[in-house]
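[1] no FASTA, just this:
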C-alpha cells in the first residue's frame, strides 16, 4: 500500500451523522492498525483455541474457511475467510471477516471488521454501557 499511488477515502457514520473525507497514508495506517493488531489465531499457541469449518457458498461462488473461538474470553470470537476459485482451480482470498468482543466493568465493545482485498475495509463498533442505549459507529476506508 505504501508504494502504490493510492488515494484513500474515509466514510464515517454514527449518531445520525455521515461524513466523508480524503485521508493520508499515515491516517490509513492508523485505521488499518485495528486489523494488524489482532491476535494471530493460526499461531501454534492460539490454533487449539478455535474450531475450524469449511463450506462452499454456491451463490457467491466462494470457499469459506470459518474459525470460531471455543471460549468466550477470546478477543477474536470468529473469523471467516472468503476465497474465490479461478478458472485454473486455484483460490484467491477476496474477503476477511472478523468479529471480536472486549468487556470491561461497565461496558462491552463488539467490533465487526471486514477487509475486502484490494478495495476497502470497514469497522463497525457497537458499544453497550449499562443504563445507556447502544452506540453504533462505522468507519469505512476505501482506496483507488
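    All right, it came through fine. Because the structure is a prediction, the values reported are computed rather than measured. Numbering: from 1, shown residues only.
[2] The residue nearest the centre of the chain: what's it in contact with?
    In the chain, the residue lying closest to the centroid (C-alpha atoms, centre = their mean) is residue 113, at 2.2 Å. Neighbour list for residue 113: 34-35, 97-100, 121-124 [criterion: C-beta atoms under 8 Å, 6 or more residues apart in numbering]. Yep, even glycine has a C-beta here, placed from its N, CA and C like the rest.
[3] filter those to the buried ones?
    34, 97-100, 121-124 (16 or more other C-beta atoms under 10 Å).
[4] Of those, just say which sits nearest to residue 141.
    For the buried ones among the contacts of residue 113, the closest approach to residue 141 (C-beta to C-beta) belongs to residue 121, at 5.6 Å.
[5] give me the element the closest one is part of.
    Under the criterion of DSSP states H and E, residue 121 resides in strand 120-129.
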